[in-house]
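Colleague: kindly return the folded structure for what I paste below:
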Amino acid sequence: MTAIYPGSFDPVTYGHLDIIKRASQKFDKIIVTVLNNPSKKALFDVKERVELLEIATKDLDNVIIDSYTGLLIDYAKEKDISIFIKGLRAVSDFEYEFQMALTNTLLDEDIETFFLMTSNKYSFVSSSVVKEVAKFNGDISKLVPDIVEKAINQKMKGE
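Modeller: Presented below is the predicted three-dimensional model:
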């Protein structure tokens, strides 16, 4: 069985990787899909996010990294996949993701959303927190892989 794990992954964090690794143990294949949201100002472009994810997941044989602009439902139809994985950190995540899951099911009744709770040690980690800490030259080494930390620091310095 194949599942899609969608997100912006700007940047990918240890919280995201926790969900990816655990989902990869439960499904035959996971397609991590970087969704391009043109209305959001991203730190990394889609190509950079895909590359960082590919490096961060290189040891997971059943994980594929892809990208898409548009509705997730349309992407799922193109791939003939009906399972989405969503990571949850807190009740606030659930409220939003529950609404999205119901909307997706309304658009395609075959879609199922599997919610995975993040591990406790990553329950506070978000891409927004990582960017905020990095902006003020804080230590993000416990929040993101080395390659991501290096890429963020280069972006922050304007390189």
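Colleague: centre of the chain versus the lowest-mean-pLDDT helix or strand in the chain, how much separation?
Modeller: Every helix and strand in the chain was compared by mean pLDDT, DSSP states H and E; the lowest is helix 91-107, with a mean of 87. Here the centre of helix 91-107 is set off from its chain's centre by 16 Å, with Cα atoms, centre = their mean, to the nearest Å.
Colleague: give me the contact list for the next helix or strand after it.
Modeller: Downstream of helix 91-107, the next assigned helix or strand under DSSP states H and E is strand 112-117. The contact list for strand 112-117 (Cβ atoms under 8 Å, 6 or more residues apart in numbering) reads 3, 19, 22-23, 82-89, 94, 97, 100-101, 104-105. C-beta: built from backbone N, CA, C; applies to glycine.
Colleague: ok so, going back, and the angle for the least confident helix or strand of the chain with strand 112-117?
Modeller: 170 degrees (axes from the mean of the first three to the mean of the last three Cα atoms, to 10 degrees).
Colleague: counting neighbours, which bits of helix 91-107 end up buried?
Modeller: The neighbour-count check on helix 91-107 (16 or more other Cβ atoms under 10 Å) flags 93, 97, 101, 104 as buried.
Colleague: relative to Thr118, how far out is the first one?
Modeller: It stands for Asp93. 9 Å (Cβ to Cβ, to the nearest Å).
Colleague: try the last one
Modeller: In this structure, Asn104 lies at 21 Å from Thr118, with Cβ to Cβ as the measure.
Colleague: show me where this structure has strands.
Modeller: Assigned by DSSP state E, the strands in the chain fall at 2-7, 29-36, 63-69, 83-88, 112-117.
Colleague: which one of the ones you listed lies closest to Ser127?
Modeller: Closest to Ser127 of the strands of the chain is strand 2-7 (Cβ to Cβ; 8.6 Å).
Colleague: need the mean per-residue confidence for the closest one.
Modeller: Strand 2-7 shows a mean pLDDT of 97.
Colleague: can you list the residues that contact it?
Modeller: Under the criterion Cβ under 8 Å, 6+ apart, residues 16, 19-20, 23, 27-35, 72, 75-76, 79, 81, 83-87, 114 lie in contact with strand 2-7.
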